[in-house]
Every structure is written in structure tokens, then in C-alpha cells.
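*Asks:* here's a sequence, model it:
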Amino acid sequence: MSVVIRMKRMGTKRKAFSRIVVTDSRSPRDGRFIEELGYYDMRKSPHEVKLNKERVSYWLKVGAQPSATVKSFLKREKIS
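*Replies:* Residues are numbered from 1 along each chain as shown. Below is the predicted model:
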């Protein structure tokens with residue numbers, strides 16, 4: 001099982017936000033997930049990103065691969 005950290009789209013039409021989740025790479029974008037790590041709200045100005053740094057670090061240590069977008073969030077938050 002390959003584990004990835006990616007965004008899951010939530011909200012209604014024109015009022016979307018994303019949750020940052022750990023999931024199996026084979027599951028659909030908005031499908032099952034293992035754990036929720038935070039959220040990204042693109043409707044606020046500036047965009048708001050909230051992450052549980054301890055859990056993100058744990059999942060990275062056990063081998064979860066972040067998506068390109070989530071990797072940029074981690075770089076901005078200085079999480080390795």
C-alpha cells in the first residue's frame with residue numbers, strides 16, 4: 001500500500017475548501033482517507049493553511065509521499 005498526503009475537496013459549489021489528508025494512493029480524490037492532517041482555505045485572503053505539524057512529521061517519517069501542492073505547503077511551513 002502506497003500512502004500519500006494530498007488534498008481532498010470539500011464544501012459547496014463556489015465555496016470550496018480543501019482538507020489535507022493521508023490516504024492510500026489508489027483511493028479516489030474525495031474518497032476514504034486514513035487521517036486528516038489539516039486544511040487549506042482558498043477563499044480567505046491571504047489563503048489560510050492549518051497543519052498538525054507533529055502528525056505530518058510522523059507520516060513523512062514512515063514513508064508517506066506528499067503531492068506537489070502539499071509539498072509546497074510543507075516547504076512554506078518549514079516542515080521536513
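*Asks:* ok, which stretches of this protein are strands?
*Replies:* 3-12, 15-24, 35-41, 48-51, 65-66 (DSSP state E).
*Asks:* got TSV for the ones you listed, with mean neighbour count and mean pLDDT too?
*Replies:* All C-beta spots, glycine's among them, are computed from the backbone N, C-alpha and C. Conversion of these to TSV gives the following (neighbours: other C-beta atoms under 10 Å; pLDDT from 0 to 100):
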stretch	mean neighbour count	mean pLDDT
strand 3-12	16	95
strand 15-24	18	95
strand 35-41	17	96
strand 48-51	15	94
strand 65-66	17	96
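*Asks:* can you list those in a markdown table and add distance to Leu74?
*Replies:* A markdown table is the format used below for those (distance: least, C-beta to C-beta, whole Å):
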| stretch | distance to Leu74 |
| --- | --- |
| strand 3-12 | 8 |
| strand 15-24 | 10 |
| strand 35-41 | 10 |
| strand 48-51 | 8 |
| strand 65-66 | 6 |
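*Asks:* nearest to Glu77, of the ones you listed?
*Replies:* Taking C-beta to C-beta, strand 48-51 is the member of the strands of the chain nearest to Glu77, at 5.9 Å.
*Asks:* the spatially most central residue of the chain pairs with what?
*Replies:* With distances taken as C-alpha atoms, centre = their mean, Ile20 lies nearest the centre of the chain, 2.2 Å away. Note on Ile20: beta-bridge partners by DSSP bridges are Met7, Gly38.
*Asks:* ok, it touching Leu74?
*Replies:* No. Counting by C-beta atoms under 8 Å, Ile20 sits too far from Leu74 to count as a contact (9.6 Å).
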